[in-house]
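Enquirer: Sharing a model prediction with you, sequence too.
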Amino acid sequence: MPELPEVETVRCGLLPAMEGQRIARAELRRADLRWPFPDGMSARLTGARVVQLRRRSKYILADLDRGESLIIHLGMSGRMVISGLAAVHVPGQFHFEHPALEKHDHVILHMESGARITFNDPRRFGAMDLCATAALDAHPLLAGLGPEPLGNAFNADYLAARLAGRKTPIKAALLDQRIVAGLGNIYVCEALFRARIHPKRAAGRIGRARIEALTDAIRATLREAIAAGGSSLRDYRQANGELGYFQHSFRVYGREGVGCLRLGCTGILRRIVQSGRSSFYCPICQR
Ligand code: ZN
């Protein structure tokens with residue numbers, strides 16, 4: 001499942017084909033993904049220019065010149081594929097022919113530039129919706145989201161205030177999208193390892209210095225993953241124009257039973273289940 005860094009990587013990959021570009025035709029090959037498409041979606045997109053391509057949490061937002069924004073959520077298995085990129089004249093861009101459409105290609109944006117952006121989603125947990133740009137904060141998918149973990153509003157003061165008095169495990173608190181937006185299971189495990197905090201520790205029982213270490217760890221973990229995504233993006237483009245999935249090396253995630261990577265630590269990494277999701281951690285250096 002794509003997490004924040006993967007979504008950011010997809011957004012960066014889409015930028016040259018979408019931002020500033022006009023949609024010549026929006027082709028919907030079915031009536032829904034996870035939910036039905038909004039009324040008149042094809043007509044509302046056709047002819048619109050994408051003024052800005054942004055990200056909020058795990059959503060990609062394409063602000064259109066008509067005052068609406070297209071909300072894109074990749075869900076569990078959604079992929080964006082760009083073809084015909086040579087037509088947008090990006091220096092160094094590889095040329096691709098448009099591939100034949102596949103069974104799970106559900107939405108195709110035919111750009112005026114000649115580029116084509118295809119949303120493919122075999123499991124259809126993804127979503128697309130249109131919303132007035134000025135009303136995005138009240139959209140059901142976006143309302144109530146906490147600050148962006150890489151934004152200025154997310155800092156130790158903020159997090160300390162939100163965690164104060166909470167008995168819930170820190171793992172659950174960080175997955176709560178109202179506290180911080182866009183964090184998922186993998187990067188929470190990685191950030192807690194980096195900050196040496198046990199995933200079961202009560203959120204309200206983490207000292208100020210450790211909260212500072214935690215906010216730093218969250219940012220560093222996400223930034224590294226975004227940087228890794230950026231480099232894999234170049235490879236992906238040269239392969240087939242597909243965006244969004246790449247191999248990462250994680251420090252604890254998925255590494256149950258192997259030795260802790262922290263220098264001098266003799267811990268063997270463990271997996272526990274919290275709220276139905278796996279947590280990976282070192283029983284020695286995470287407290
Ligand atoms: Zn360790």
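Expert: Structure's in. What do you need? Keep in mind it's a predicted model, so treat the numbers as computed, not measured.
Enquirer: from memory Ile170 sits against Arg196, does it?
Expert: No - applying C-beta atoms under 8 Å, one finds Ile170 not in contact with Arg196, separated by 11.8 Å. Glycine gets a C-beta too; all of them are placed from N, C-alpha and C.
Enquirer: The two - which one has more neighbours?
Expert: Ile170 (26 against 18; other C-beta atoms under 10 Å).
Enquirer: so what's the more buried one closest to, chain neighbours aside?
Expert: With C-beta to C-beta, 6 or more residues apart in numbering as the criterion, Ile170 has its nearest non-adjacent residue at 4.7 Å, and that residue is Ala203.
Enquirer: contacting residues for that neighbour?
Expert: Leu163, Arg166, Lys167, Thr168, Pro169, Ile170, Ala172, Ala173 (C-beta atoms under 8 Å, 6 or more residues apart in numbering).
Enquirer: Just among those residues, which is most surrounded?
Expert: Ile170 (26 neighbours).
Enquirer: for the stretch 1-150 of the chain, which spans come out with low pLDDT?
Expert: Within the stretch 1-150 of the chain, the ranges that satisfy pLDDT under 70 run 85-96.
Enquirer: for the stretch 151-287 of the chain, that is, sorry about that
Expert: 230-248.
Enquirer: Strands along that one, start to end?
Expert: 242-243, 270-274, 277-281 (DSSP state E, counting those that start in this stretch).
Enquirer: most packed of the ones you listed?
Expert: strand 242-243 (a mean of 22; mean count of other C-beta atoms under 10 Å).
Enquirer: Now do the helices in the stretch 1-150 of the chain.
Expert: For the stretch 1-150 of the chain, applying DSSP state H, counting those that start in this stretch gives helices covering 4-18, 41-45.
Enquirer: gap between Gly84 and Arg116?
Expert: 5 Å (C-beta to C-beta, to the nearest Å).
Enquirer: Next, count neighbours for Ile284.
Expert: Neighbours of Ile284 using other C-beta under 10 Å come to 14.
Enquirer: now swap in Arg208 and tell me
Expert: Neighbours of Arg208 (other C-beta under 10 Å): 10.
Enquirer: what residues are up against it?
Expert: Ala156, Ala160.
Enquirer: how close does it sit to the ion?
Expert: 23 Å (C-beta to the ion, to the nearest Å).
Enquirer: next one: Ser113
Expert: 51 Å.
Enquirer: related to what we said a few turns ago, quick check: which of the helices of the stretch 1-150 of the chain is nearest to the ion?
Expert: helix 4-18 (23.6 Å; C-beta to the ion).
Enquirer: Give me the packing partners of that closest one, helices and strands only.
Expert: Packed against helix 4-18 by the contact rule (3 or more C-beta pairs under 8 Å, 6 or more residues apart in numbering; DSSP states H and E) you find strand 50-56, strand 59-64, strand 79-83, strand 105-111, strand 116-120, helix 208-239, strand 242-243.
Enquirer: Can you add distance to Pro99 and give those back as TSV?
Expert: Shown next, in TSV, are these (distance: least, C-beta to C-beta, whole Å):
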stretch	distance to Pro99
strand 50-56	22
strand 59-64	22
strand 79-83	6
strand 105-111	9
strand 116-120	8
helix 208-239	12
strand 242-243	10
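Enquirer: check contacts around the closest residue in space to Ser278 that isn't next to it in sequence.
Expert: Distances taken as C-beta to C-beta, 6+ apart put Arg271 closest to Ser278, at 5.4 Å, once the chain neighbours are dropped. Going by C-beta under 8 Å, 6+ apart, Arg271 touches Glu256, Ser278, Ser279, Phe280.
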